[in-house]
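>>> My questions concern the predicted model and sequence given below.
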Amino acid sequence: MRILALSDQIHPFIHQTRFPGNLPPFDLVLVAGDLPGSYIEFVATKVSVPMVFVHGNHSEEYIQDYLGNLTPPGGAIPVHGRIVDVAGVRIAGWGGVPRYNNRDFGQYTESEATARVLSWAPVLLPRRYVRGHGVDILLTHAPPPGPHAGSDFAHRGSPALALFHRLYRPRLHVHGHVHLYEAQPQREYVSPEGVRVVNAFEYTLIEL
(Lines give C-alpha, C1' and ligand atoms only; values in the text may rest on other atoms or scores of the structure.)
Protein backbone atom coordinates (compact mmCIF):
# COMPACT_ATOMS: atom_id res chain seq x y z
CA MET A 1 0.00 0.00 0.00
CA ARG A 2 1.02 3.63 -0.41
CA ILE A 3 0.65 6.07 2.50
CA LEU A 4 0.56 9.87 2.48
CA ALA A 5 2.11 11.11 5.74
CA LEU A 6 1.85 14.72 6.93
CA SER A 7 3.11 16.69 9.93
CA ASP A 8 4.17 20.03 11.40
CA GLN A 9 3.97 22.37 8.45
CA ILE A 10 1.44 23.10 5.69
CA HIS A 11 2.88 22.37 2.27
CA PRO A 12 1.57 24.21 -0.82
CA PHE A 13 1.77 21.03 -2.88
CA ILE A 14 -0.93 19.55 -0.63
CA HIS A 15 -2.94 22.69 0.17
CA GLN A 16 -4.12 23.43 -3.35
CA THR A 17 -7.02 22.75 -5.69
CA ARG A 18 -5.23 20.05 -7.70
CA PHE A 19 -4.65 17.85 -4.65
CA PRO A 20 -4.78 14.83 -4.56
CA GLY A 21 -4.65 14.56 -8.35
CA ASN A 22 -1.11 15.96 -8.32
CA LEU A 23 0.11 12.88 -6.41
CA PRO A 24 0.24 9.18 -7.24
CA PRO A 25 -2.73 7.25 -5.79
CA PHE A 26 -2.48 6.41 -2.07
CA ASP A 27 -4.50 4.20 0.29
CA LEU A 28 -4.18 5.90 3.67
CA VAL A 29 -3.36 9.31 5.17
CA LEU A 30 -1.40 9.58 8.42
CA VAL A 31 -1.12 12.90 10.27
CA ALA A 32 1.68 12.98 12.85
CA GLY A 33 0.71 16.16 14.68
CA ASP A 34 1.13 19.94 14.82
CA LEU A 35 -0.99 20.71 11.79
CA PRO A 36 -3.98 23.10 11.91
CA GLY A 37 -7.37 21.43 12.17
CA SER A 38 -8.55 23.42 9.16
CA TYR A 39 -5.74 21.89 7.08
CA ILE A 40 -6.58 18.38 8.29
CA GLU A 41 -10.21 18.94 7.39
CA PHE A 42 -9.21 20.29 3.96
CA VAL A 43 -7.27 17.09 3.25
CA ALA A 44 -10.13 14.96 4.60
CA THR A 45 -12.62 16.59 2.23
CA LYS A 46 -10.34 16.01 -0.78
CA VAL A 47 -9.44 12.34 -0.29
CA SER A 48 -11.56 9.20 -0.45
CA VAL A 49 -9.28 7.05 1.75
CA PRO A 50 -9.13 6.74 5.55
CA MET A 51 -7.28 9.45 7.45
CA VAL A 52 -5.76 8.88 10.91
CA PHE A 53 -4.15 11.46 13.20
CA VAL A 54 -2.42 12.07 16.50
CA HIS A 55 -2.11 15.48 18.11
CA GLY A 56 1.18 17.31 18.46
CA ASN A 57 2.29 19.53 21.32
CA HIS A 58 0.68 22.82 20.26
CA SER A 59 -3.08 21.92 20.18
CA GLU A 60 -3.35 23.17 16.58
CA GLU A 61 -5.39 20.17 15.46
CA TYR A 62 -8.49 21.13 17.40
CA ILE A 63 -11.25 23.23 15.88
CA GLN A 64 -12.94 25.97 17.93
CA ASP A 65 -16.71 26.17 17.47
CA TYR A 66 -18.88 29.26 17.89
CA LEU A 67 -19.21 28.55 21.64
CA GLY A 68 -15.45 28.38 22.07
CA ASN A 69 -15.33 24.62 22.53
CA LEU A 70 -12.44 22.70 21.01
CA THR A 71 -13.30 19.60 18.99
CA PRO A 72 -11.18 17.18 16.93
CA PRO A 73 -11.00 17.88 13.18
CA GLY A 74 -13.76 16.31 11.13
CA GLY A 75 -13.05 13.47 8.76
CA ALA A 76 -9.99 12.11 10.58
CA ILE A 77 -9.77 9.23 13.06
CA PRO A 78 -8.03 10.16 16.35
CA VAL A 79 -5.72 7.35 17.53
CA HIS A 80 -3.85 8.82 20.50
CA GLY A 81 -3.63 6.06 23.09
CA ARG A 82 -5.56 3.67 20.86
CA ILE A 83 -5.10 0.73 18.54
CA VAL A 84 -7.24 0.75 15.40
CA ASP A 85 -7.60 -1.39 12.29
CA VAL A 86 -7.85 0.84 9.23
CA ALA A 87 -7.35 0.15 5.52
CA GLY A 88 -6.20 -3.39 6.23
CA VAL A 89 -3.44 -2.39 8.69
CA ARG A 90 -3.26 -2.19 12.48
CA ILE A 91 -2.16 1.21 13.83
CA ALA A 92 -1.14 2.24 17.35
CA GLY A 93 -1.11 5.97 18.13
CA TRP A 94 0.56 8.20 20.73
CA GLY A 95 0.37 11.98 20.40
CA GLY A 96 2.33 14.71 22.14
CA VAL A 97 5.96 14.78 23.27
CA PRO A 98 8.04 14.08 26.39
CA ARG A 99 7.43 16.86 28.91
CA TYR A 100 9.75 19.85 28.57
CA ASN A 101 7.83 22.66 30.34
CA ASN A 102 4.75 23.17 32.53
CA ARG A 103 2.13 23.50 29.78
CA ASP A 104 -0.80 21.11 30.17
CA PHE A 105 -1.51 20.09 26.59
CA GLY A 106 0.46 17.75 24.37
CA GLN A 107 3.15 16.65 26.82
CA TYR A 108 3.59 13.49 28.85
CA THR A 109 5.94 11.96 31.38
CA GLU A 110 7.89 8.90 30.40
CA SER A 111 6.09 6.94 33.12
CA GLU A 112 2.73 7.80 31.51
CA ALA A 113 3.91 6.75 28.06
CA THR A 114 5.59 3.60 29.34
CA ALA A 115 2.45 2.58 31.22
CA ARG A 116 0.41 2.86 28.02
CA VAL A 117 2.96 0.91 26.00
CA LEU A 118 2.97 -1.90 28.58
CA SER A 119 -0.83 -1.91 28.81
CA TRP A 120 -0.99 -2.98 25.16
CA ALA A 121 1.02 -6.15 25.80
CA PRO A 122 -1.96 -8.56 26.11
CA VAL A 123 -3.24 -7.44 22.70
CA LEU A 124 -0.02 -6.90 20.79
CA LEU A 125 2.42 -9.53 22.02
CA PRO A 126 0.40 -12.53 20.72
CA ARG A 127 0.17 -10.89 17.29
CA ARG A 128 3.87 -10.10 17.38
CA TYR A 129 4.76 -13.74 18.10
CA VAL A 130 2.44 -15.06 15.38
CA ARG A 131 3.01 -12.46 12.66
CA GLY A 132 6.30 -10.89 13.67
CA HIS A 133 4.72 -7.45 14.22
CA GLY A 134 2.39 -6.42 17.05
CA VAL A 135 1.15 -3.60 14.84
CA ASP A 136 1.85 -2.62 11.27
CA ILE A 137 2.24 1.10 12.01
CA LEU A 138 3.16 3.15 15.06
CA LEU A 139 1.99 6.76 14.58
CA THR A 140 3.40 9.32 17.02
CA HIS A 141 4.27 12.98 17.16
CA ALA A 142 7.59 12.58 19.00
CA PRO A 143 10.48 10.61 17.51
CA PRO A 144 12.14 7.67 19.24
CA PRO A 145 15.72 8.07 20.49
CA GLY A 146 18.17 7.82 17.65
CA PRO A 147 19.01 9.62 14.40
CA HIS A 148 15.73 11.58 14.25
CA ALA A 149 15.81 12.94 17.80
CA GLY A 150 16.53 16.65 18.06
CA SER A 151 19.63 17.99 19.74
CA ASP A 152 17.61 20.15 22.17
CA PHE A 153 15.64 18.99 25.21
CA ALA A 154 12.21 19.81 23.72
CA HIS A 155 12.83 17.60 20.68
CA ARG A 156 14.52 14.66 22.36
CA GLY A 157 13.46 11.12 21.57
CA SER A 158 11.01 9.27 23.80
CA PRO A 159 12.41 6.11 25.46
CA ALA A 160 8.87 4.74 25.71
CA LEU A 161 8.75 4.62 21.93
CA ALA A 162 12.02 2.68 21.84
CA LEU A 163 10.37 0.25 24.29
CA PHE A 164 7.47 -0.07 21.86
CA HIS A 165 9.95 -1.00 19.12
CA ARG A 166 11.56 -3.68 21.28
CA LEU A 167 8.30 -5.22 22.47
CA TYR A 168 6.07 -5.04 19.41
CA ARG A 169 8.29 -4.57 16.34
CA PRO A 170 6.06 -2.32 14.20
CA ARG A 171 6.78 -2.53 10.49
CA LEU A 172 6.71 1.26 10.23
CA HIS A 173 6.99 4.14 12.71
CA VAL A 174 5.78 7.50 11.39
CA HIS A 175 6.44 10.61 13.52
CA GLY A 176 6.71 14.39 13.29
CA HIS A 177 7.97 17.10 15.69
CA VAL A 178 11.54 17.41 14.33
CA HIS A 179 11.78 19.67 11.28
CA LEU A 180 13.99 18.31 8.55
CA TYR A 181 15.67 21.65 7.92
CA GLU A 182 16.65 21.95 11.57
CA ALA A 183 18.15 19.18 13.69
CA GLN A 184 18.00 16.29 11.29
CA PRO A 185 17.82 16.32 7.48
CA GLN A 186 17.42 12.52 7.20
CA ARG A 187 13.89 11.48 6.15
CA GLU A 188 14.07 7.85 7.27
CA TYR A 189 16.24 5.13 8.76
CA VAL A 190 15.92 1.58 10.13
CA SER A 191 16.19 1.15 13.91
CA PRO A 192 18.31 -1.57 15.58
CA GLU A 193 15.09 -3.57 16.02
CA GLY A 194 14.47 -3.49 12.28
CA VAL A 195 11.73 -0.85 12.46
CA ARG A 196 11.51 1.56 9.53
CA VAL A 197 11.28 5.08 11.03
CA VAL A 198 9.99 7.91 8.81
CA ASN A 199 9.79 11.62 9.63
CA ALA A 200 6.55 12.92 8.07
CA PHE A 201 7.60 16.61 8.15
CA GLU A 202 5.52 18.58 5.62
CA TYR A 203 4.58 15.53 3.52
CA THR A 204 6.01 12.29 2.20
CA LEU A 205 4.74 9.22 0.36
CA ILE A 206 5.61 5.85 1.92
CA GLU A 207 5.39 2.43 0.30
CA LEU A 208 4.45 -0.27 2.81
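Looks like it came in fine.
>>> hey, let's count contacts and neighbours off CA atoms from now on
Fine.
>>> Tell me the span between the first and last residue of stretch 181-191.
With C-alpha to C-alpha, to the nearest Å as the measure, stretch 181-191 spans 21 Å from end to end.
>>> ignore the last one, stretch 172-189
For stretch 172-189, the first-to-last residue distance is 10 Å (C-alpha to C-alpha).
>>> helices or strands up against the strand or helix carrying L4?
According to DSSP states H and E, L4 maps onto strand 2-7. Helices and strands touching strand 2-7, by 3 or more C-alpha pairs under 8 Å, 6 or more residues apart in numbering; DSSP states H and E, are strand 28-31, strand 202-207.
>>> buried sites along that strand?
Of the residues in strand 2-7, 3-7 count as buried by neighbour count, 16 or more other C-alpha atoms under 10 Å.
>>> Tell me how far A113 lies from G96.
Taking C-alpha to C-alpha, one finds A113 at 10 Å from G96.
>>> Could you pull out the helices in the protein for me?
37-46, 110-119, 121-131, 159-168 (DSSP state H).
>>> contact partners of the third one?
Under the criterion C-alpha atoms under 8 Å, 6 or more residues apart in numbering, residues 133-135, 167-169 lie in contact with helix 121-131.
>>> quick one: strands adjacent to the least confident helix or strand in the chain by mean pLDDT?
The weakest-scoring helix or strand in the chain, judged by mean pLDDT, DSSP states H and E, is strand 63-64 (a mean of 82). Applying DSSP bridges to the sheet, strand 63-64 is found paired with strand 70-71 (antiparallel).
>>> Quick one: mean pLDDT over the strand it pairs with.
Here strand 70-71 scores 84 as its mean pLDDT.
>>> List the contacts of that strand.
Identification of contacts with strand 70-71 by C-alpha under 8 Å, 6+ apart yields 62-65.
>>> Centre of the chain to that strand, how far?
Averaging C-alpha positions (C-alpha atoms, centre = their mean, to the nearest Å) puts strand 70-71 20 Å from its chain's average.
>>> Could you shift the numbering so residue one becomes 132, and keep it that way?
Got it, first residue is 132 now, which makes that one strand 201-202.
>>> now this protein, which segments are flagged as low pLDDT?
Residue ranges of the chain with pLDDT under 70: 313-316.
>>> mind redoing it with 50?
By pLDDT under 50, the chain has no low-scoring segment.
>>> buried stuff in stretch 297-317?
298-311.
>>> Looking at those residues, which is nearest Q238?
The nearest member of the buried residues of stretch 297-317 to Q238, counting by C-alpha to C-alpha, is H308 at 12.1 Å.
>>> need the contact list for the closest one.
Applying C-alpha under 8 Å, 6+ apart to H308 gives the contacts 138-139, 164-165, 187, 272-274, 286, 332.
>>> could you redo the last one with a cut-off of 6 Å?
Applying C-alpha atoms under 6 Å, 6 or more residues apart in numbering to H308 gives the contacts 272-273.
>>> got it, and T240?
T240 is in contact with 229-230, counting by C-alpha under 6 Å, 6+ apart.
>>> ok, back up a step: please state the offset of the strand holding L135 from the chain centre?
9 Å.
>>> now swap in stretch 221-233 and tell me
9 Å.
>>> Straight-line length of that stretch, end to end?
Distance between the two ends of stretch 221-233: 33 Å, counting by C-alpha to C-alpha.
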